[in-house]
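*Asks:* predicted model and sequence below, questions to follow.
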Amino acid sequence: MLLVKRNQNWLPSMFSDLLENDFGMGAFNNNAIEPAINVLESKNGYTVQVAAPGMTKEDFQVHINQDANLVICMEKKTETKNEDQHYLRHEFSYGKFQQTMLLPDDANRDDISASIQDGVLSIVIPKVKLIEEPKKERLIEIQ
């Protein structure tokens, strides 16, 4: 944890408090972001919603892996620079996230689509109609 001395008057106390508590720098040191995820089911399919404020479609990759699972990856790099300034503090931001979700048997893996709007990544997974084979009677031979 980064500690800031209280007698440094040039650093506002709000930044000192932020850096010294567990919700401040400690929360960002692992370079991971854990966005909220909603999963909705309707009769026609499933919708996965990922909270993604400030993210663009270029920050995401959504794919089906070799195990036929849905994988959502997000990586955001931000660097603020101003070459004309002498910085007392300069911040870089980097975050990454990956979530693997098991798809249900009735998921149509070929028609999954994704879009991002108003800070929410939406992944639509249509359902396939599973055709139940009629149960057949069968005589079991006793040996």
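*Replies:* Okay, I see it. Numbering: from 1, shown residues only.
*Asks:* against residue 58, how distant is residue 125?
*Replies:* 22 Å (Cβ to Cβ, to the nearest Å). No exception for glycine: its C-beta is placed from N, CA and C like everyone else's.
*Asks:* residues contacting the residue nearest to residue 120 when sequence neighbours are not counted?
*Replies:* Spatial nearest neighbour of residue 120, chain neighbours left out: residue 49 (5.4 Å); criterion: Cβ to Cβ, 6 or more residues apart in numbering. Contacts for residue 49 (Cβ atoms under 8 Å, 6 or more residues apart in numbering) come out as 37, 38, 39, 40, 120, 121, 122, 123.
*Asks:* also residue 112?
*Replies:* Residue 112 touches 62, 64, 70, 123, 124, 125, 126, counting by Cβ under 8 Å, 6+ apart.
*Asks:* go ahead and confirm residue 128 touches residue 107.
*Replies:* Yes - between residue 128 and residue 107 there is a contact at 7.3 Å, judged by Cβ atoms under 8 Å.
*Asks:* for the residue nearest to residue 120, give the beta-bridge partners.
*Replies:* residue 38, residue 122 (DSSP bridges).
*Asks:* fine, thanks again, bye for now.
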